[in-house]
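Asker: Test case, fold it:
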Amino acid sequence: MASETKETQEQEKVGVYICHCGGNISDHVDVHQLEENVKNLPGVTVTHTNSFMCSDPGQELIQNDIKDGKINRVVVASCAPALHEETFRGAIKRAQMNPYLYEHANIREQVSWVHDGEPATNKAACLVSAAIAKAKLSEPLEPIRVDAKNHAVVIGGGIAGMRAACDLGRRGIEVALVEKSPFLGGQTAQLDTLLPTGEKAPELITQLAQEILADKRITVYTCTEAVGSSGYVGNFQLTLKQQPPETDSDRARLACYAKAQKEKAPRNACVPFAGVLPHEVPTKNSEMTLATGAIVLATGFKTYEPHQGQYGYGDNREVITLPRLIELMALNKSSGDQLVLEGRRIRRAALIHCVGSRQIDGFDEPDADGKLNEYCSRTCCGATLQAASLIRERFPETHVFEFYRDIRTYGRGHEEYYERASENNVLFFRFDGEEPPVVTRNNGGQYPLSVNVNDILTFNEEIEAQVDLIVLATGMEPSKVTDLVEMMKLPVGADHFLQEVHPKLRPVELANTGILLAGTCQAPMDTGEACAAAQAASVKVSNLLTRGHIELDPFVADVNAERCTGQGACTLACPIDDAIALIDKKAQVNPVLCTGCGICVAACDANAIDIKGWKLEQYEAMVDAILAA
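Answerer: Next comes the predicted model:
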């Protein structure tokens with residue numbers, strides 16, 4: 001029995017590496033005592049502490065011990081595995097050892113950030129002991145290799161989708177750009193001048209559209225939607241449906257485009273407030289199926305539509321939204337002392353911030369689904385300040401009042417818009433979110449509307465401003481992509497935007513491998529940020545597809561065919577279509593679709609299923625180690 005234990009210990013040589021994390025851990029956990037507590041545990045042959053295990057010297061400690069034959073299993077006790085698990089796997093692989101003979105103990109987030117002193121050290125010892133026990137039972141695993149088609153589909157033809165398609169085409173990847181409207185350009189086509197560069201939106205869209213249409217690797221499908229999806233990363237199948245435009249918005253933009261063509265506008269140039277029309281509009285329905293390796297979602301956003309009566313909207317023609325003002329100002333070629341809109345002379349204009357953003361339960365009216373937009377739309381403040389300054393500079397006899405809760409000019413160069421508005425004598429009034437401005441109609445007065453508010457800047461003095469025009473700075477809402485969400489089982493955040501895996505570590509990736517995010521389908525962004533996100537997504541897609549194959553982690557369900565009784569409980573419990581199926585009365589796993597969630601393990605009465613890298617015997621060993629610590 002003793003010789004058997006000795007042989008086991010020689011076969012399983014565990015190296016334990018404890019990180020100080022620059023004091024994040026060592027200020028609360030006695031790392032040297034922790035080392036003493038675990039260095040004599042069965043199977044442990046090497047222990048080290050280091051100020052930063054993720055640094056090159058820290059990684060070299062592991063690599064040198066592997067090369068010297070001192071260890072054949074690795075345990076790292078440091079921060080959350082999401083941060084550096086791949087870092088340490090890479091170091092192990094470079095030392096010519098299987099990277100999955102590795103276990104991670106989180107003693108920062110789970111210990112030092114919530115405990116201190118002896119309790120922290122004791123808890124850390126429990127976690128490291130459990131990791132050692134699991135590592136001793138780990139087995140060499142190989143990544144799952146999947147052939148990948150060198151093709152990507154970009155859904156959404158706005159600025160983010162166009163940017164992603166351009167970048168993918170430049171990298172030699174075949175691209176299908178799918179847009180449900182007849183036009184390319186999206187919401188950016190509804191703008192005039194971009195913040196803070198001053199670029200003209202039509203010029204930017206025209207440049208991108210012409211590059212797309214000139215690239216033979218990019219095929220553009222307009223008036224098209226994805227209506228079916230199957231497959232997995234590297235091998236998706238998308239069903240696309242093309243149909244004539246049906247919305248009033250599309251018809252209005254087509255009429256705008258037709259008018260521009262009569263005025264000799266270039267064929268592939270962006271028509272202001274319409275976009276680029278790359279193809280003739282289809283007159284009948286059709287369907288097609290595309291095989292693709294990856295999907296980029298660039299479905300964009302829609303502008304919040306104020307409800308009837310909100311700040312007088314819908315009840316008074318003098319109340320409009322900021323997007324409508326931007327359009328009217330762009331089309332207004334007149335000059336003079338006062339702004340004239342649709343034949344009305346504007347002597348005073350009031351701009352109200354945060355309409356449809358930062359909504360408060362109990363004070364703001366939810367939408368038809370009972371949803372409130374509690375987030376900040378981020379771009380509205382800068383756009384409102386820009387509009388206010390433009391009015392003051394072009395029409396100096398038109399006075400502008402801004403009513404705001406807070407002003408958030410977050411982007412580089414955006415603060416200058418606030419300074420510019422102040423220098424242009426725009427008057428600012430600050431209100432409490434729970435006491436927003438009240439708009440009333442003046443019957444027979446000099447001005448048609450009044451705005452009443454308690455101004456925080458003057459210690460809640462009640463202010464009344466009589467005006468000719470009220471402009472509502474409406475926020476962003478995610479486009480309604482319910483069909484895509486249900487069809488592709490996409491994760492959605494509490495704000496109803498699509499949810500990335502991690503905002504810093506994997507900011508454009510979804511949990512669905514091979515599906516990426518680009519632009520404002522993910523969160524409110526300005527044009528520059530949307531393009532940057534699109535470029536990040538295109539780089540990720542390029543990394544996935546250009547090698548011709550994809551390697552996935554092997555932590556998937558594994559069926560013991562001898563134990564399997566073919567009852568099928570696993571197939572009913574599995575949340576992923578086709579990830580596990582009964583074939584010849586035996587459960588079989590598609591490792592590419594399996595996410596390793598473990599639901600099937602619990603559902604199987606015969607105990608015929610395990611998760612590779614997380615077997616039940618490993619859990620049992622971890623529990624025993626914790627109890628013994």
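Asker: you'd agree Asn452 is in a helix?
Answerer: No. Using DSSP: H, G, I helix; E, B strand; the rest coil, the assignment for Asn452 is strand, not a helix.
Asker: tell me the contacts of it?
Answerer: Asn452 makes contact with 437-438, 440, 462-464 under the criterion Cβ atoms under 8 Å, 6 or more residues apart in numbering. From N, CA and C alone the C-beta is placed, and that goes for glycine too.
Asker: Looking at these, which are in helices?
Answerer: Cross-referencing these against helices under DSSP state H gives no overlap.
Asker: which one of these has the most neighbours?
Answerer: Neighbour count (other Cβ atoms under 10 Å) singles out Pro437 as the most crowded of the contacts of Asn452, with 22 neighbours.
Asker: Enumerate every residue touching the closest residue to that one other than its chain neighbours.
Answerer: Leaving out its chain neighbours, the residue that sits closest to Pro437 by Cβ to Cβ, 6 or more residues apart in numbering is Val453, at 4.2 Å. Counting by Cβ under 8 Å, 6+ apart, Val453 touches 403, 429, 431, 435-438, 462-463.
Asker: Narrow the contacts of Asn452 to those in strands?
Answerer: Judged by DSSP state E, the contacts of Asn452 include 438, 440, 462-464 as members of strands.
Asker: Those residues into a markdown table, with extra columns for distance to Asn72 and pLDDT?
Answerer: Converted to a markdown table, these look like this (distance: Cβ to Cβ, whole Å; pLDDT from 0 to 100):
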| residue | distance to Asn72 | pLDDT |
| --- | --- | --- |
| Val438 | 73 | 97 |
| Thr440 | 79 | 97 |
| Glu462 | 77 | 96 |
| Ile463 | 75 | 95 |
| Glu464 | 79 | 96 |
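Asker: Let me know the closest of those to Tyr221.
Answerer: Val438 (48.1 Å; Cβ to Cβ).
Asker: And stretch 95-109, how far out from the chain middle?
Answerer: Mean C-alpha position of stretch 95-109 versus that of the full chain (Cα atoms, centre = their mean, to the nearest Å) differs by 28 Å.
Asker: what helix or strand does the closest residue to Leu322 other than its chain neighbours sit in?
Answerer: Once flanking residues are discounted, Leu322 sits nearest to Ala473: 4.8 Å by Cβ to Cβ, 6+ apart. Per DSSP states H and E: Ala473 is located in strand 469-474.
Asker: Which residues outside that strand are in contact with it?
Answerer: Contacts of strand 469-474 (Cβ under 8 Å, 6+ apart): 303-306, 310-313, 316, 318-323, 325, 341, 344, 346, 348-356, 380-381, 383-384, 387, 439, 449, 451.
Asker: Looking at the residues you listed, which are in strands?
Answerer: Applying DSSP E to the contacts of strand 469-474, the entries found in strands are 303, 319-321, 341, 344, 346, 348-355, 439, 449, 451.
Asker: Would you mind checking those residues for buried ones?
Answerer: 303, 319-321, 341, 346, 348-355, 439, 449, 451 (16 or more other Cβ atoms under 10 Å).
Asker: Following element in sequence after the helix or strand of the chain with the lowest mean pLDDT, please.
Answerer: Lowest mean confidence among the helices and strands of the chain (mean pLDDT, DSSP states H and E): helix 2-11, at a mean of 43. Later in the chain than helix 2-11, the nearest helix or strand by DSSP H and E is strand 14-19.
Asker: For that next one, which helices and strands make contact with it?
Answerer: Applying 3 or more Cβ pairs under 8 Å, 6 or more residues apart in numbering; DSSP states H and E, one finds that strand 14-19 contacts helix 31-38, strand 44-50, helix 56-67, strand 73-78, helix 117-136.
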